[in-house]
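**Student:** Fold the following.
(one chain, ligands or ions: 1)
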Amino acid sequence: MAGRRKCLKPKLHVFLAAMILGLPSLAWCRVGGSETPPSARASAAILPDRLSQYSDLAIEWERKYLQIDTTNPPGNEIRAAEFFKRIFEQEGIENQLFEYAPGRADLWARIPRTTAEAQKPIILLNHMDVVTSDPAQWKQPPFSGAVVDGSIYGRGAQDMKSEGLAYLMTMILLKREKVALNRDVIFLAVSDEEVNDSGTDWFLAQHRELLEGAGFLINEGGENLLERGGRVKYIGVDVGEKAPFWLHVVARGHAGHGSRPRADSAPNHLVRALDRITDYRPPFKVLPVVDEFLRQMAASEPPERAKQFRNIKAALKDRDFQIEIERDESLNYLLRDTIAVTMLGGSAQTNVIPAEAWANLDVRLLPGEDPNAFLEMLRRVVADPQVTISPQYDRFLPANYSSTDSQLYRAIEHVAGQYFPGAPVAPMLMSGYTESQRFRPLGIVAYGFCPYTETEEEGSTEHGNDERIRVEEVRRGFRVLYDVLMEVAGAIQKPN
Ligand SMILES: [Zn+2]
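**Tutor:** Below you'll find the predicted structure:
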């Protein structure tokens, strides 16, 4: 359940040990609230020279990975899968490449646990495809991997090739540093996340056994906002996402000549229906995860807003505050189902009144919502027999989310606290969909956690122009992730 956090557990609950190339094993723990010194990070046990070499490698591979054009459509992700495969082969890491359709592939790799006693495997899930880009709008070509003013440019630098690169580097470190593990660490790179999810669909249908018994998954999502002056405002861990429930609205009426209008035409009915829909306010609902997020954010808000965030349920009783929420799209989506009118269609000619006019609605439901109940409610709002509303797809996947009460969440909190002291670690509900939705129903605790920080401007390049990441983030990010991994999967190396 969300809300139960680290401090409620009185005894040692975070435990780590690493045995690095003949160095004495490093073990630490935390009791109560006392902080661990930075030197207790697992990666700190790796000699500085070696760490620096890993960082150089991360830059080299990041640029190469960004140079692979996996624009989807059509994808051609097999090139990226082969890039990963070559590295895993060189490193002696078990892997399998599946070309499930021409040019499209999933890549699975694993570092097996070393202890006899097994914990559940952890999966590092990443998609290799990227969205389209228009080179004319970019300062550097989208598949250049160019380094300019301390940033590496490339489509996918924010979504999500840099995360995939950090996952790759983590696998390399675990292997080369001969780390003792109490769970398998699985790297899974999939195709087609940006369009149809066919890579994940295929893998879950054909090779579920390769993920057998997995307990944790790290994926894209979450955000770590870097403010001017270098302060990290928060570390946002994506614990859930809203569910798309796309609807098609059709109004019907008599066709005719535009010079002789009729009041009951299809377009007129459609406009009135959309008017009612856009006036409608779905009720506010406060999920535990959102309550927790707002409480965490309160500290960095002005006094009045902080008070509202600390007791959001009470604050929402105030009509003025409700209006404030409605005007702030970054808050509004957290607290209710949302409806956006996105596509409209009618006649192909100005002087023709069509027999049908239509609109598409991008509806996003909170976890736990019943799509049929929502649809019935919307039909009642419209209340017009000449207007029908229907789902665009037969299959609706209800939204889910993971509790913050897990060893993985605590590891993220703890490691983030060391790299970004003072930044609150807050659970986030994302407005957009991620494939974590597909894995939670398998009993897997799945979070979107990004090991990099980003400025607001850098974040806005995701799916936009000049997508890029700072070099220093690529040099450091894999270490953050490695340290998280070591806290959840690192085993004590027993002296023999
Ligand atoms: Zn993505």
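**Student:** Just the closest residue of the stretch 251-400 of the chain to the ion, please.
**Tutor:** residue 364 (16.8 Å; C-beta to the ion). Just so you know, the C-beta spots here come from the backbone N, C-alpha and C atoms, and that holds for glycine as well.
**Student:** Name the SS class of that residue, please.
**Tutor:** State at residue 364, reduced to three classes by DSSP: H, G, I helix; E, B strand; the rest coil: strand.
**Student:** count of residues packed around it?
**Tutor:** Neighbour count of residue 364, defined by other C-beta atoms under 10 Å: 21.
**Student:** in the stretch 351-496 of the chain, what spans have low per-residue confidence?
**Tutor:** Across the stretch 351-496 of the chain, the ranges flagged by pLDDT under 70 are 492-496.
**Student:** about what we covered before: spell out which residues sit in contact with the residue of the stretch 251-400 of the chain closest to the ion, please.
**Tutor:** Residue 364 is in contact with 242-245, 333, 337-338, 431, counting by C-beta atoms under 8 Å, 6 or more residues apart in numbering.
**Student:** repeat that for 10 Å
**Tutor:** Counting by C-beta atoms under 10 Å, 6 or more residues apart in numbering, residue 364 touches 241-246, 333, 336-340, 399, 431-433.
**Student:** same thing with residue 382?
**Tutor:** Taking C-beta under 10 Å, 6+ apart, we find residue 382 in contact with 249, 251, 269, 272-277, 280, 388-389.
**Student:** quick one: it and residue 389, what's the gap?
**Tutor:** 7 Å (C-beta to C-beta, to the nearest Å).
**Student:** what do the two both touch?
**Tutor:** Here residue 382 and residue 389 have 249, 273, 277 as joint contacts, going by C-beta under 10 Å, 6+ apart.
**Student:** Let's have these in TSV, adding secondary structure and neighbour count.
**Tutor:** Output for the shared contacts of residue 382 and residue 389, formatted as TSV (DSSP: H, G, I helix; E, B strand; the rest coil; neighbours: other C-beta atoms under 10 Å):
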residue	secondary structure	neighbour count
249	strand	23
273	helix	24
277	helix	20
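**Student:** Is stretch 423-440 in proximity to the ion?
**Tutor:** No - Stretch 423-440 lies out of reach of the ion by C-beta under 5 Å from the ion, never closer than 7.0 Å.
**Student:** chain center to that stretch, what's the gap?
**Tutor:** Distance of stretch 423-440 from its chain centroid, counting by C-alpha atoms, centre = their mean, to the nearest Å, is 5 Å.
**Student:** Could you give me the buried positions within it?
**Tutor:** 423-430, 433-440 (16 or more other C-beta atoms under 10 Å).
**Student:** hmm, which two among those residues are most spread apart?
**Tutor:** 423 and 438 (29.7 Å; C-beta to C-beta).
**Student:** Tell me if I'm right that residue 362 and residue 340 touch.
**Tutor:** Yes - counting by C-beta atoms under 10 Å, residue 362 does reach residue 340; the two are 4.5 Å apart.
**Student:** so where's the stretch 101-250 of the chain uncertain?
**Tutor:** In the stretch 101-250 of the chain, no residues with pLDDT under 70.
**Student:** Contact partners for residue 213?
**Tutor:** Residues near residue 213 by C-beta under 10 Å, 6+ apart: 118-121, 183-184, 442-444.
**Student:** Nearest residue to residue 172 in space, please, no chain neighbours.
**Tutor:** residue 91 (5.9 Å; C-beta to C-beta, 6 or more residues apart in numbering).
**Student:** Could you count how many residues lie near that neighbour?
**Tutor:** Neighbourhood size, residue 91 [other C-beta under 10 Å]: 15.
**Student:** Need the pLDDT of it.
**Tutor:** pLDDT for residue 91: 98.
**Student:** same check, this time on residue 21
**Tutor:** 28.
**Student:** for the buried residues of stretch 423-440, which one is nearest the ion?
**Tutor:** residue 434 (7.0 Å).
**Student:** Now do the contacts for the residue nearest to residue 310 when sequence neighbours are not counted.
**Tutor:** Using C-beta to C-beta, 6+ apart and skipping residues adjacent in sequence, the residue nearest residue 310 is residue 298, 5.0 Å away. Residues in contact with residue 298 (C-beta under 10 Å, 6+ apart) are 305-312, 424.
**Student:** Tell me the confidence at residue 298?
**Tutor:** 94.
**Student:** backbone phi and psi for it, please?
**Tutor:** phi -50, psi -40 (degrees, to the nearest 10).
**Student:** Can you say which of the contacts of residue 364 are buried?
**Tutor:** Neighbour counting by 16+ other C-beta under 10 Å classes 241-245, 333, 336-339, 399, 433 among those as buried.
**Student:** Any chance of these in CSV with distance to residue 194 and secondary structure as columns?
**Tutor:** Shown next, in CSV, are these (distance: C-beta to C-beta, whole Å; DSSP: H, G, I helix; E, B strand; the rest coil):
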residue, distance to residue 194, secondary structure
241, 15, strand
242, 18, coil
243, 18, strand
244, 14, strand
245, 20, coil
333, 21, helix
336, 27, coil
337, 24, coil
338, 22, strand
339, 24, strand
399, 19, coil
433, 11, coil
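**Student:** and which of those residues is nearest to residue 257?
**Tutor:** Using C-beta to C-beta, residue 339 comes nearest to residue 257 of these, at 33.6 Å.
**Student:** Could you list everything that closest one pairs with in the sheet?
**Tutor:** For residue 339, the beta-bridge partners are residue 363 (DSSP bridges).
**Student:** Would you quantify the distance from residue 373 to residue 284?
**Tutor:** 16 Å.
**Student:** Give me the more crowded residue out of the two.
**Tutor:** More neighbours surround residue 284 than the other of residue 373 and residue 284, with 16 against 10 (other C-beta under 10 Å).
**Student:** wait, what's in contact with the more buried one?
**Tutor:** Counting by C-beta under 10 Å, 6+ apart, residue 284 touches 312-313, 316-317, 322, 325-326, 332, 334-336.
**Student:** out of those residues, which are inside helices?
**Tutor:** Among the contacts of residue 284, DSSP state H puts 312-313, 322, 325-326, 332, 334-335 in helices.
**Student:** Farthest-apart pair in these, please.
**Tutor:** Spanning the widest gap among the ones in helices among the contacts of residue 284 are 313 and 326, at 16.9 Å by C-beta to C-beta.
**Student:** what residues does the stretch 151-300 of the chain put near the ion?
**Tutor:** 159-160, 220.
**Student:** go with 8 Å
**Tutor:** 159-160, 193-194, 220 (C-beta under 8 Å from the ion).
**Student:** So what sits opposite residue 237 in the bridge?
**Tutor:** residue 427.
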